[in-house]
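J.: Starting from these lines, generate the structure:
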Amino acid sequence: MEISFREQENVTILDIKGEIRRSDVAPVTLHQAVKDQLDDGKHNILLNLGGVEFIDSFGVGEILASFISTQNLGGKFRLCSISKKLYVIFVVTGLVKVLDIREDCKAALESFD
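T.: You can find the predicted model right below:
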């Protein structure tokens with residue numbers, strides 16, 4: 001998994017590529033990357049999942065933990081550009097009722113206003 005960061009207006013966007021799964025070689029987990037942004041005072045977090053090919057239960061847990069950490073600090077957390085394959089995972093787990101998932105990143109960015 002590769003994570004790149006960018007800012008747009010008052011939103012921190014994490015562009016994620018690859019697989020979100022348990023790995024012994026990953027330098028940082030997704031949740032830790034989000035926590036680092038929160039620690040820097042950036043409380044509007046958008047995960048761009050357009051480059052994500054696979055997610056396992058660990059990855060789902062990382063996204064949920066990131067959502068909870070953001071919510072606990074009064075921030076806003078969104079997902080965008082999620083593939084149909086990944087969307088099914090969020091439907092099956094019931095997380096579509098919890099997470100704010102937008103079809104594209106433009107719509108997600110507009111929702112932070």
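J.: Now the residue most central in space within the chain: which helix or strand?
T.: Centroid-nearest residue in the chain, with Cα atoms, centre = their mean: L47, separated by 3.4 Å. Using DSSP states H and E, L47 sits within strand 44-55.
J.: buried stuff in that strand?
T.: Of the residues in strand 44-55, N44, I45, L46, L47, N48, L49, V52, I55 count as buried by neighbour count, 16 or more other Cβ atoms under 10 Å. No exception for glycine: its C-beta is placed from N, CA and C like everyone else's.
J.: Of the residues you listed, which is the nearest to L38?
T.: Set against L38, the nearest of those by Cβ to Cβ is I45 (7.5 Å).
J.: correct me, but that closest one touches K35?
T.: No: with contact defined as Cβ atoms under 8 Å, I45 does not count as touching K35 (10.2 Å).
J.: Give me the common contacts of these two.
T.: Common neighbours of I45 and K35, using Cβ atoms under 8 Å, 6 or more residues apart in numbering, are S66.
J.: Pass me the low-pLDDT residue ranges in this protein, would you?
T.: 24-26 (pLDDT under 70).
J.: mind listing the strands for it?
T.: Remark: strands assigned in the chain by DSSP state E are 2-8, 11-20, 44-55, 76-80, 100-102.
J.: The ones you listed: which one's closest to A65?
T.: Nearest to A65 among the strands of the chain is strand 76-80; the distance by Cβ to Cβ comes to 10.8 Å.
J.: and that closest one, what other elements does it pack with?
T.: Packing partners of strand 76-80 (3 or more Cβ pairs under 8 Å, 6 or more residues apart in numbering; DSSP states H and E): strand 44-55, helix 57-72, strand 100-102, helix 105-110.
J.: Could you dump the ones you listed into a markdown table with distance to T12 added?
T.: Shown next, in a markdown table, are the helices and strands packed on strand 76-80 (distance: least, Cβ to Cβ, whole Å):
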| stretch | distance to T12 |
| --- | --- |
| strand 44-55 | 6 |
| helix 57-72 | 10 |
| strand 100-102 | 15 |
| helix 105-110 | 11 |
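J.: Out of the ones you listed, the one nearest I82 is which?
T.: Going by Cβ to Cβ, the one of the helices and strands packed on strand 76-80 nearest I82 is strand 44-55, 4.7 Å.
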